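A.B. asks: I'll drop the sequence and a predicted model, then ask my questions.
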Amino acid sequence: MTEMDWSLDGYDYELPPSRIAQNPVVPRDSSRLLAVDSPSSHQHRIFRNLPDLLQPGDLLVLNNTRVLPARLYGHKPNGPAVEILLMEERQHNCWLALVKPGKRLKLGSKIEFDPIAPACEDSTTAPCCCLPDAAMPHRRRLTATVIERDDATGGRLLEFDIPKDENLAKFLDEYGHVPLPPYIENSQASAEQYQTVYAERLGAVAAPTAGLHFTEELFCRLEQRGIEKTFVTLHVGVGTFRPVEVADVTAHKMHGEWVEVPPATVEKIRETQARGGRIVAVGTTAVRALEGAAAASGDFSLQPFCGPTNLFIYPGYRWRVVEGMITNFHLPRSTLMMMVSAMIGRPRLLDLYREAIEHQYRFYSFGDAMLILPTATKD
């Protein structure tokens, strides 16, 4: 451990824009996989090789959250266009949202949202496919009022004008777009390509992208090899992507995200550990869910948990549950890079990133993956 492990500058690297994946590969499991198998060795593989890289008795823990169509487009009455990204529901039909342009949305401002044109309902296409309410009279109008500013995120709390016996989710199929990250600027991906094949519990504003590489066929092959799976839920929110704005990363405060680690998952993990199997988390969100649940227990033992976690994992962290992970390649200076560094070390992670760039790996949400085996984390 050195001072650079806690310095924001220690997590910087140069990525050519051409390495940012704009579209997913087809089929999903044909993405590349950088398999880190020891403290000093790694392999260049394909994601469908995963069953050969794991051991019978290993347990994959996956995040079954489903992405909300959380990006909405609208306008102030007789005024300028507005874009919002829903982050979390604070009260019934009152949502924290990031807004653009924020300066135009003062307290009391009203927003009228534009419904999606029928041809765009299964796409991630943005505002050009939205139509004003007058052009689609058969649809219910959706409006909201700005009632509060959130200083922690710079967002706004929006109160949606919906009958109390209804909820916003019923309107999102008509008004919401799946929110691709801002670095995906030219994508032809469908909305379902930004969901995992096991996505079930609606509530995230971004996909748990390490899971995007799995197919049903791959799950069958994993099962045939004796590699089991279980699920947690972490609704990905602003905490995962909020930039670190302090030079000393230990001073960064994570925003809480909602987590559920159910009793069946805890039991599965205990059974796996008892027989000598290894716990491999699929994605940084599954890592955070498991380790966050252990931190919430009081004695750092894994117990069933449901509630928020603001756990921040960076070098020096003592692992309680997770032994290995599958993850994508992350943005520079991000908390996600810090989490992966806590498992294999910051210098090695940067070396692996440099090699991945040299070998033309694809980065970020629709990009390739890295497998960190438990054998890679041991000296």
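C.D. replies: Nice, thanks for sending it over.
A.B. asks: Show me the shaky parts of the stretch 101-250 of the chain.
C.D. replies: For the stretch 101-250 of the chain, the stretches flagged by pLDDT under 70 are 118-139, 238-241.
A.B. asks: Strands along that one, start to end?
C.D. replies: Taking DSSP state E, counting those that start in this stretch as the criterion, the stretch 101-250 of the chain contains strands spanning 110-113, 143-150, 155-160, 201-204, 228-234.
A.B. asks: Looking at those strands, which is nearest to residue 300?
C.D. replies: strand 228-234 (17.0 Å; CB to CB). Backbone N, C-alpha and C define where each C-beta goes, glycine included.
A.B. asks: residues in contact with residue 14?
C.D. replies: If a contact means CB atoms under 8 Å, 6 or more residues apart in numbering, then residue 14 has no contacts.
A.B. asks: quick revisit: to residue 180, which of the strands of the stretch 101-250 of the chain lies closest?
C.D. replies: strand 201-204 (13.0 Å).
A.B. asks: re the thing from before, now that we have the strands of the stretch 101-250 of the chain, can you turn them into JSON lines and tack on mean neighbour count and distance to residue 275?
C.D. replies: Output for these, formatted as JSON lines (neighbours: other CB atoms under 10 Å; distance: least, CB to CB, whole Å):
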{"stretch": "strand 110-113", "mean neighbour count": "20", "distance to residue 275": "52"}
{"stretch": "strand 143-150", "mean neighbour count": "17", "distance to residue 275": "46"}
{"stretch": "strand 155-160", "mean neighbour count": "22", "distance to residue 275": "46"}
{"stretch": "strand 201-204", "mean neighbour count": "18", "distance to residue 275": "29"}
{"stretch": "strand 228-234", "mean neighbour count": "22", "distance to residue 275": "11"}
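A.B. asks: Let's have these in JSON lines, adding distance to residue 92.
C.D. replies: Formatted as JSON lines, the strands of the stretch 101-250 of the chain follow (distance: least, CB to CB, whole Å):
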{"stretch": "strand 110-113", "distance to residue 92": "18"}
{"stretch": "strand 143-150", "distance to residue 92": "13"}
{"stretch": "strand 155-160", "distance to residue 92": "10"}
{"stretch": "strand 201-204", "distance to residue 92": "15"}
{"stretch": "strand 228-234", "distance to residue 92": "20"}
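A.B. asks: Which one, of those strands, ends up nearest to residue 268?
C.D. replies: Comparing the strands of the stretch 101-250 of the chain by CB to CB, strand 228-234 comes nearest, at 4.3 Å.
A.B. asks: Provide the contact partners of that closest one at residue level.
C.D. replies: 58-65, 198, 200-201, 203-204, 208, 219, 222, 257-262, 264-265, 268-269, 272, 285-286, 288-290, 293, 309.
A.B. asks: Apply 7 Å and report the result again.
C.D. replies: Outside strand 228-234, the residues that touch it by CB atoms under 7 Å, 6 or more residues apart in numbering are 59-65, 201, 257, 259-261, 265, 268, 285-286, 288-290.
A.B. asks: With stretch 151-162 instead?
C.D. replies: Outside stretch 151-162, the residues touching it (CB under 7 Å, 6+ apart) are 87, 90, 93-99, 102, 105, 143-150, 168, 238, 255.
A.B. asks: before we move on, what about stretch 321-337?
C.D. replies: Residues contacting stretch 321-337 (CB under 7 Å, 6+ apart): 8, 11-13, 209-210, 244, 254, 269, 278-284, 287, 290-291, 294, 302, 312, 340, 343, 349, 353, 356, 361, 363-365, 367-374, 377.
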